[in-house]
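Student: Test case, fold it:
(2 chains)
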Amino acid sequence: MAILLNQNQDFTLKERFLNLNFTFIFIICLLAITGCLILYSAAGGNINPWALNHGIRFLIGLFVLLITSIFKPAFYYKTATPFYFLTLMLLIVVDVAGYTGMGAKRWIDLGFIKLQPSELMKIAIVLQLSKFFSTTALEDIRTIKGLIPPILYTAVPVAFILIQPDLGTSLMILFTATALFYLAGVEWYKFIALISALIVSAPILWHKLHTYQQNRILTFLNPERDPQGAGYHIIQAKIALGSGGLTGKGFLSGTQSHLNFLPEKHTDFIFTMFSEEFGMLGGVFILVLNLILISYGYWFAFRIHPSNYFGKLVILGLNTNYFLYIFINIAMVIGLLPVVGVPLPLISYGGTVIISVMASFGIMMSFYINRDKEFKK
Amino acid sequence: MKTNNKLRILYKRSLIIFSVNIFLFFVLLGRLYYLQIFSQEKYTLLADNNRISERLLVPPRGSIYDRNGVELAQNNQNFEALITAEQVHNLDKLLTQITPILKLSKEDIARIKKDIAHHRRFVPIKIKDNLNWEEVSTLMLNSPNLPGLFINEGITRYYPYSKYTAHPLGYVGTVSQQDLEKNPAPLLEVPGFKIGKSGFEKTYDLNLRGHQGTIKYEVNAYGRIMRELEKREGLKGKDLDLTIDIRLQKIALDAFGDEAGAAVVMDVHNGEILAFVSAPSFDPNLFINGISYKNWNELLYDEKTPLTNKAISGLYSPGSTFKIAVALAALEEGIITTSTTSHCTGKMKLGSHYFHCWRHSGHGKQNVIDAIKNSCDIFFYETALKLGIEKISKMAHRLGLGELYDLNLENQKQGTIPNKAWKRSALKSSWQQGETVIAGIGQGYVLVNPLQLTVMLSRVVNGGFEVYPTSIKQDNPPKPKPLKISKTSLDIVKQGMFDVVNAPGGTASRAKPKSKNIIIGGKTGTTQVRRISLKERQKGILKDEDLPWKYRNHAWFMAYGPHKDPKYAVAVIVEHGRSGSGVAAPIASKILEETIKLNIR
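Tutor: A predicted model of the protein is given here:
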């Protein structure tokens, strides 16, 4: 009885902190430090302009992780819907009065920070769908009518992000959502039906894509199509990576990166630069660290209290989102996917991603801290 | 129960997604393996191609030396001024500062500005090359005030003896499109590379050129040089040692004065060419950096054709010098002896046609020695008639006329030693007896160049050995084979040639050297370029001197010395020199005298 009573009591701040998974956080730190190192090299052996900023942002991110982990799981359950709609609204604002940069409208300039609602949406959609699926019976989920709300929750933001245009983020949200649909128990054949429908409508979708997006896909399929233009990035990235060999050219010695043959070396193509300087061993190091992080995510989902179905879905959704970041980024820089502009979180230079990823880790931690407690709405 | 069912599905499916994740990680891993391990070599090569820019270094060209080791073609330092735009604070100010120092024209400044606009800002742009010492030192002194300007040191070909070596050395010049198509080598595409354009510079170009060096730079994606990686100096081309003697070359060319012509001096025993001049000459240094339009036209349209190497490309009737070949042929065939005489009355009738001796009053009774000494035409008309053209032609060939020599010089002309077969194939008509008569005095179809005549004289005076002319020093020159001409015959014609210079009344007694102890022999020749027409005679033009230059007679003199033990032979042609004895003989005699004095061996 006493134990039960204790279970229903909230943890103190200290207890919550001690309940964090420190191995998980340590690996996150290791990845961020790796990011700082390689950004130091990218600047030609200088902490400016990137490495120092990256470190500061990571520390802010760490703070965000701690803050988000303090909240109780019930908080996320309760705020999921308002948060989702607020984010959706911001997304619409961006499209209407957004800031134009890099040829794509993606930010709201709040003066001190450029807010990227599409990044927030990655978290918001996971929370909203998890809430929906956790409150809906399996029988309802398996009806067409029951699927209409979650499809709308997904389709509306995806559509708005697509017209920004940001193909990478829309695809990530779409895939994350699909994973949640699947985890919630939607039948196999429905996915197959959807995929078939997509294939049939592919030619129509193709025409809806912007010319630069079409070019990226065409160039991905055949980089030699335009070796001086769009194919240049892919070709140079492959050269940088391939010439790294097993052990790499050494810290600060990547010729492709330092002589500016490799484009976007501090953002989307940072994995390539790292692999040029540290070789395949370096690449495997980053892959393994991320695989450990993702494995932890799955373990968290299993570990938390069975009553917290919502939490399990949220963890798996956020974990899938993180996996997609890693996979899409690395696959695109090594020429397995078209270049769609997805960064490598914790390592690529860029503000919003590091904050949103750390926030999602924080939410996962919040469920993990309360892993032995029964979930109360 | 329902919740449990949902959980079961969640667990099962999350395991499936996890497996998919792990599978995809392995896909990435496999791709990394493929790119970084399997294809490493390929991509390392591509990365090096990206970052390494290799430039060729022009090797120093081989020098050309005369027989005494005097450098006739050398590589001189060449200074050029360049600017790197990105280091210049104020281009207009810099240009105004250097304009008075380098004497830049408005066109130069416009070109420099255009070059700068058309290149990336770190690419050096040439302002002026071939700076003289004064320009270099002034720029060096002011260099702190001229940021972005620097001086680069290169090498350029230089011919210190200028016109004295233009023939036969030739010159180098800028690579043309045709040169590239004919002989594509990467070195030829290096800006500023020079290739042999004429003379030995052209024929020995591949030997002289040397082996290119390379310099490797690391460059970034914009082509900026980051650092030098590796420098391999080129190998200097092979030097060329010529047989000519620059001292003699100068004496020979200067001996011509304003006259046009050519002279070849040869060692009669081994065929080494000691002097090889064609007058007038030109300054080969004009061609190295591209000759100006004005200079080129002056050379091209000069009626004395300075660009032609007349010693091998000029063909002239040998005139009376050919009588030596005719005399030898007749002596060897036994058709004449020293006691065979002709009576020269000044003319000879053949059929209905009269052939005249150059001396209208006639020479009287002449044997072969007299006939050579006096250059009596009648004696040789008769001798030629007795011999027939075939035997004359055969002897001329044995003595080296009508032959091409392996000298590695372009535009060597073979000339013509006519015979019946030649006329049939060349002119499609049969041989006339009258043609044998005039061939007997080296006129008509007979054409030779000065080199061939030198070879003939050498073979006659060296005791009948088949020497071949050579212009490159050889360690083991082949021993000349005997021509199997009897010593008696050779001595007879030699006696004739001795008399030409030394006997009273010899045709070239004016050719006697000033030094009394130097005894030479020789033979004159005068060949008509154009007859004086009837119309001109009526106008009062009776003598050759009265004709315009280009219609006057050519003058020959060939000489050997010392008479007792001949070492050197020389042949001199003076174009439109009017008479062999008057103009060519003094030149040849002067050259030969100096050769003997220099005692070249």
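Student: tell me the helices in the stretch 1-150 of chain A, going along the chain?
Tutor: A:2-8, A:13-18, A:22-42, A:51-70, A:73-97, A:117-135, A:138-141, A:144-162 (DSSP state H, counting those that start in this stretch).
Student: remind me, longest helix of the chain?
Tutor: You didn't say which chain, so I picked chain A. Secondary structure assigned by DSSP state H gives helix A:270-303 as the longest helix of chain A.
Student: think we crossed wires, I meant chain B
Tutor: Scanning chain B for the helix with the most residues, using DSSP H, yields helix B:2-33.
Student: Quick one: list the elements packing against that one.
Tutor: Applying 3 or more C-beta pairs under 8 Å, 6 or more residues apart in numbering or on different chains; DSSP states H and E, one finds that helix B:2-33 contacts helix A:138-141, helix A:167-183, helix A:270-303, helix A:309-333. (Glycine included, C-beta is placed from N, CA and C.)
Student: check contacts around the closest residue to chain B within the stretch 151-300 of chain A.
Tutor: Taking C-beta to the nearest C-beta, chain B has its nearest neighbour within the stretch 151-300 of chain A at residue A:242, 2.6 Å off. When contacts are counted by C-beta atoms under 8 Å, 6 or more residues apart in numbering or on different chains, residue A:242 touches B:35-36, B:39-40, B:42-44, B:46-47.
Student: mind listing what the nearest residue to residue B:363 once chain neighbours are set aside touches?
Tutor: Of all residues not flanking residue B:363 in the chain, residue B:344 sits nearest, at 3.9 Å (C-beta to C-beta, 6 or more residues apart in numbering or on different chains). Residue B:344 makes contacts with B:357, B:359, B:362-366, B:376-379, as judged by C-beta under 8 Å, 6+ apart.
Student: Need these in a markdown table (columns: secondary structure and pLDDT).
Tutor: Below are these laid out as a markdown table (DSSP: H, G, I helix; E, B strand; the rest coil; pLDDT from 0 to 100):
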| residue | secondary structure | pLDDT |
| --- | --- | --- |
| B:357 | coil | 90 |
| B:359 | coil | 87 |
| B:362 | coil | 88 |
| B:363 | coil | 90 |
| B:364 | strand | 90 |
| B:365 | strand | 92 |
| B:366 | strand | 92 |
| B:376 | coil | 92 |
| B:377 | helix | 92 |
| B:378 | helix | 93 |
| B:379 | helix | 94 |
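Student: number of nearby residues for residue 137?
Tutor: This is for chain A. Residue A:137 is flanked by 14 other residues according to other C-beta atoms under 10 Å in any protein chain shown.
Student: Please refer instead to chain B.
Tutor: A count of nearby residues for residue B:137, using other C-beta under 10 Å, gives 11.
Student: What residues sit buried inside the longest helix of chain B?
Tutor: By 16 or more other C-beta atoms under 10 Å in any protein chain shown, the buried positions in helix B:2-33 come out as B:6, B:9-10, B:13-14, B:17-18, B:21, B:24-25, B:28-29, B:31-32.
Student: tell me the most buried of the helices and strands packed on helix B:2-33?
Tutor: A comparison of the helices and strands packed on helix B:2-33 by mean neighbour count, using mean count of other C-beta atoms under 10 Å in any protein chain shown, puts helix A:309-333 on top with a mean of 25.
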